[in-house]
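# let's see this in three dimensions:
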Amino acid sequence: MEAMRTLKANLKLQHKPCGWCQAGLQLGEDAAVCTACEKEHHQRCWDGNAGCSTPGCANAPLRQLQPAVGAAAGPAPVLLSPGMMHCPHCSAAILAGSPFCSFCRAATSPDGIYHGPLINAPGATASLVYGILGLIICGVVFGPLAISKANAAKRSIAENPIYGGGGMATAGMVLGIIDLIAWAIIVMFRLSAR
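Next up, the predicted model:
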């Protein structure tokens, strides 16, 4: 039995996080799905890590034993050019100080979490503005716009750790829902007043 199924990422797999690099799969990308646990991966991440990312999965890579102290050293590590470093996740050679690996898109910090400055995700500010506008005028129009922009911003934040603004997106979504509820109450009140 094969350890994984290879396929092009379809609508069902789109935006699902890769088990290794946590970046969302994009439509049409080469993907690998583990046949044992059904976890999704980029094909390059599966190949680069020699198997499934799920701990304890039958298709997870075998743990490598650390050489004993005083044991004969293995092959010498690959020397890097000045200003370069190895990605801690995929071991590719990247520029020293890069917050992300250009190959696997993982954060290069020791804990694997991006600690640099965040920028607002596209749509986060717009969702909050539309939500506020919906409270003042035409909630039936601005409410759905606020919800749509908030969902787009939350997807961007989930796919790329450099994006922030999750609080604004949540506030925009809540205001959009309030806009729609308030509009429905006003319509029902006007209908019952007749």
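# the chain: helices as residue ranges?
43-49, 124-136, 139-159, 166-193 (DSSP state H).
# okay, those helices in a markdown table with distance to residue 81 and mean pLDDT next?
Yep, even glycine has a C-beta here, placed from its N, CA and C like the rest. Listed next are the helices of the chain as a markdown table, based on distance: least, CB to CB, whole Å; pLDDT from 0 to 100:
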| stretch | distance to residue 81 | mean pLDDT |
| --- | --- | --- |
| helix 43-49 | 21 | 87 |
| helix 124-136 | 39 | 93 |
| helix 139-159 | 31 | 91 |
| helix 166-193 | 38 | 92 |
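# who wins for proximity to residue 91 among those helices?
helix 43-49 (8.0 Å; CB to CB).
# what's the closest one packed up against?
The contact analysis (3 or more CB pairs under 8 Å, 6 or more residues apart in numbering; DSSP states H and E) places helix 43-49 against strand 30-34.
# make CSV out of the helices of the chain and add distance to residue 35 and mean neighbour count.
Output for the helices of the chain, formatted as CSV (distance: least, CB to CB, whole Å; neighbours: other CB atoms under 10 Å):
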stretch, distance to residue 35, mean neighbour count
helix 43-49, 12, 20
helix 124-136, 38, 21
helix 139-159, 26, 21
helix 166-193, 35, 16
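# how about the ones you listed, which one is nearest residue 90?
helix 43-49 (5.1 Å).
# can you give the distance of that closest one from its chain's centre?
Distance, stretch centre to chain centre, for helix 43-49: 17 Å (CA atoms, centre = their mean, to the nearest Å).
# what comes into contact with that helix?
Here helix 43-49 makes contact (CB atoms under 8 Å, 6 or more residues apart in numbering) with 4, 6, 18-21, 29-32, 52-53, 61, 90-91, 103-104.
# mind running it again at 10 Å?
With contact meaning CB atoms under 10 Å, 6 or more residues apart in numbering, helix 43-49 is reached by 3-4, 6-9, 18-23, 25, 29-34, 39-42, 52-53, 59-61, 87, 89-92, 103-106.
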